[in-house]
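Visitor: predicted model follows, preceded by the sequence.
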Amino acid sequence: MSNLPSKKGSDEANWRQPKRKHLTSIRNTEPPTKRITVRGSRSGFNQTAPSNVKLSTRPWYIRTPEDQKCALSAVPNEVSLGLLHIFIRHYPQMETLIPNLRQLRWKLPQEMRTALCGITRAPNMEAAEKPIEDLKSYIVSESETLCAIQRLIWTFLQTTVLTKTATKMVKEGSTQLLYKVDSTNRNLVLIVSDWVDPPLRFDRRNVHKIITAYLSF
């Protein structure tokens, strides 16, 4: 399938906000430092993209310019939203933007790479049920490589939102942030949650979760 959600029926075009039960408490977090917040701590965010937390689903904080009303976060290790979702659904696009992402993908087993192709080519996530289940069976065994992949995507998103100007729009019921990423007029589209998590102690703005990210032209 094309990686652009241009036609009606794509998962991004028809995306609906998940229920609020997916929210994670983010109170009592520490400022982003080199200290790693490990799984099981009282902090709601991992303040860096940590190398030793492989299966935690605590959101990773993404700082935005001070003139924006909200900060951002991205959940790791979830196939339905966040950093892992961005990779498994849009890795051909992300590999054109993120150095070394392709090399990491090729470290994954052949069966997992086949599942990735099936997920990317499906018209929506519902149609990719079988390859998603195949991929899930490798998440634990390949967690080290997947964590490295998600760190690359997190770093790219953090750099983009700090260095590019965002255009906010609501399209087909979803809130989107658009960033022009190069001279070819490609836009990085971030679909973010309509709800906001409470402010952080070190960032008093509310926080939107990133649902997915892809390129549009």
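Guide: Structure received.

Visitor: so residue 209 sits in a helix?
Guide: No: under DSSP: H, G, I helix; E, B strand; the rest coil, residue 209 falls outside any helix and is assigned strand.

Visitor: over to the nearest residue to it once chain neighbours are set aside: give its phi and psi.
Guide: Spatial nearest neighbour of residue 209, excluding adjacent residues (Cβ to Cβ, 6 or more residues apart in numbering): residue 193 at 4.3 Å. Just so you know, the C-beta spots here come from the backbone N, C-alpha and C atoms, and that holds for glycine as well. For residue 193, the backbone dihedrals (degrees, to the nearest 10) come out as phi -70, psi 150.

Visitor: let the chain start at 3 from now.
Guide: All set: I'll call the first residue 3, so the last point we hit is now residue 195.

Visitor: what's the burial count for residue 127?
Guide: As a burial measure, residue 127 scores 19 neighbours (other Cβ atoms under 10 Å).

Visitor: flag the shaky bits of the protein, pLDDT-wise.
Guide: Along the chain, the parts satisfying pLDDT under 70 run over 3-56.

Visitor: just the helices in it please.
Guide: Using DSSP state H, the helices of the chain run over 84-96, 103-107, 112-123, 131-138, 145-165.

Visitor: neighbours of the residue nearest to residue 217 when sequence neighbours are not counted, just the number please.
Guide: Once flanking residues are discounted, residue 217 sits nearest to residue 95: 4.5 Å by Cβ to Cβ, 6+ apart. Per other Cβ under 10 Å, the neighbour tally for residue 95 reads 20.
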